[in-house]
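K.L.:
Starting from these lines, generate the structure:
(one chain, ligands or ions: 1)
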Amino acid sequence: MKVLILAGGFGTRLYPLTWARPKSIVPLANTPFLERMLTWLRRHGLMDVILAVNHLPEMIRDCFGDGSSFGVNLEFLLEDIPLGSGGAIRNAQHLLGEETFLVLNGDILTDLNLEKMIQFHRTRKAQMTISLARVEDPSGYGVVDMEADGRLRRFVEKPAPEEAPSNYINAGAWLFEPETLDKMPVKGTPFSVEREFWPKCLEEGMPMFGYPEDCYWMDIGTVNRYLEAHRDLLAGRIQVSIKEPEISPRIWQGKGAQVHPGATLIAPVIIGAGATVGPDAEISDTVIGPGSIIEAGAVVCKSVLWEKVQVGQGARITNSVIGARQKIDPKRILDDTAVEELGARSPEE
Ligand code: GTP
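P.N.:
Numbering: from 1, shown residues only. Now for the predicted structure:
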């Protein structure tokens, strides 16, 4: 089965982190996000992957090449203009073949059982099946209304809390039968599959199903959720492989990293390869990128530092993401902040 990953968005809700790096390759615990997705796909035997790209495509290509180093076959499909979720699918028709195919949002971290979802789709004889995640507050999402067997009745986009028909939202993994492609607008037309195509298909009575699975699911599309995904990963709520060796319970330290004996690491913590942590520094619930330097007395808590960040003496960083190569001045206090990587410019500049 072919997999199409939508990885062409601008990721504006992750600004300034996505000014210079596409959302699909921001690091998740020191590994490009998409690499995590490819590992998950490979685990379910899905190795033929098409990446629909638009924003900073060369950076994604440089990271993954033809996919062979990651055990998958990768094809890139560049859009001249952003085609939206639906336009990107239609644009890939010639690569998708004549079989059922899977489409993924390129920003979801999940351990969804794809084999089970495919089986569900086949036994229901569905034309399309949408993975569903259960959330406490569905009001900011596309919420589904469905029958007991999962057949979808309608979508309600961002309902008021009291008007949400269920707590199930579109979780960004979709199975399609190839015939559905012919019902889409012509190739090159930008459109949204969620807001335009699906409601129309439901009106026409097409058999569409929602697949609810009690699994881990998070989309990393905002700074808060990106940090939350790291907290979940550090706490073991989602199993992903961490490349740094675990040197004591939930403390991982990469090759060549140096932690001063007078520094305090409070688990869970990942210290990337070649990073240094100075005397009296305190690190907790945090991922430190490779080659970063944490100077004496600095405190870093519930945060994510990308590669080669330098944190000056006595600085305090909480609940923040610091982009690559940034220097944080001594004694500076950063709380609930995202700092772009050094040299990255806002698209408006
Ligand atoms: P925001 O600007 O923060 O909304 O982020 P986004 O541009 O990534 O949009 P959104 O989070 O809704 O996108 C979900 C997934 O679809 C992401 O993996 C995007 O990369 C991808 N995506 C969004 N728009 C396009 C597009 O026009 N073309 C392609 N190929 N992918 C897209």
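
K.L.:
Around the ligand, pick out the residues from this protein.
P.N.:
6-13, 23, 52, 54, 79, 82-85, 88, 105-107, 221 (CB under 6 Å from any ligand atom). For every residue, glycine as well, the C-beta is placed using N, CA and C.

K.L.:
Which of those residues fall in helices?
P.N.:
Gly84, Ser85, Ala88 (DSSP state H).

K.L.:
Bridge partners for the residue lying closest to Val223 once chain neighbours are set aside, pull those for me.
P.N.:
Distance criterion CB to CB, 6 or more residues apart in numbering; nearest residue to Val223, sequence neighbours excluded, is Ala338 at 4.7 Å. Following DSSP bridges, Ala338 is listed with bridge partners Val321.

K.L.:
Could you count how many residues lie near Ala338?
P.N.:
20 (other CB atoms under 10 Å).

K.L.:
Ok, the one 4 residues further on next?
P.N.:
Residue crowding around Leu342 was assessed by other CB under 10 Å; the count is 15.

K.L.:
Was I right to think it contacts Gln326?
P.N.:
Yes. Between Leu342 and Gln326 there is a contact at 5.3 Å, judged by CB atoms under 8 Å.

K.L.:
if we can go back for a sec, contact partners for the residue nearest to Val223?
P.N.:
Going by CB atoms under 8 Å, 6 or more residues apart in numbering, Ala338 touches Leu14, Tyr15, Pro16, Leu17, Val223, Ser320, Val321, Gly323.

K.L.:
and the closest residue to the ligand within the stretch 101-250 of the chain, what does it touch?
P.N.:
Closest to the ligand within the stretch 101-250 of the chain is Gly106: 3.2 Å, counting by CB to the nearest ligand atom. Contact analysis of Gly106 by CB under 8 Å, 6+ apart lists Ile5, Leu6, Ala7, Gly9, Lys23, Ser24, Phe33, Leu34, Met37, Leu51.

K.L.:
roughly how far apart are the most centrally placed residue in the chain and Ser303?
P.N.:
The structure's the chain has its C-alpha centroid closest to Asp107; by CA atoms, centre = their mean the separation is 2.7 Å. Per CB to CB, to the nearest Å, Asp107 is found 20 Å from Ser303.

K.L.:
What segments of this protein are helices?
P.N.:
Using DSSP H, helices in the chain cover 33-43, 57-64, 84-91, 93-96, 114-123, 198-203, 223-235.

K.L.:
avg pLDDT for the second one?
P.N.:
Just to be clear, that refers to helix 57-64. Averaging pLDDT along helix 57-64 yields 95.

K.L.:
who does it touch, helix- and strand-wise?
P.N.:
helix 33-43, strand 48-53, strand 73-78 (3 or more CB pairs under 8 Å, 6 or more residues apart in numbering; DSSP states H and E).
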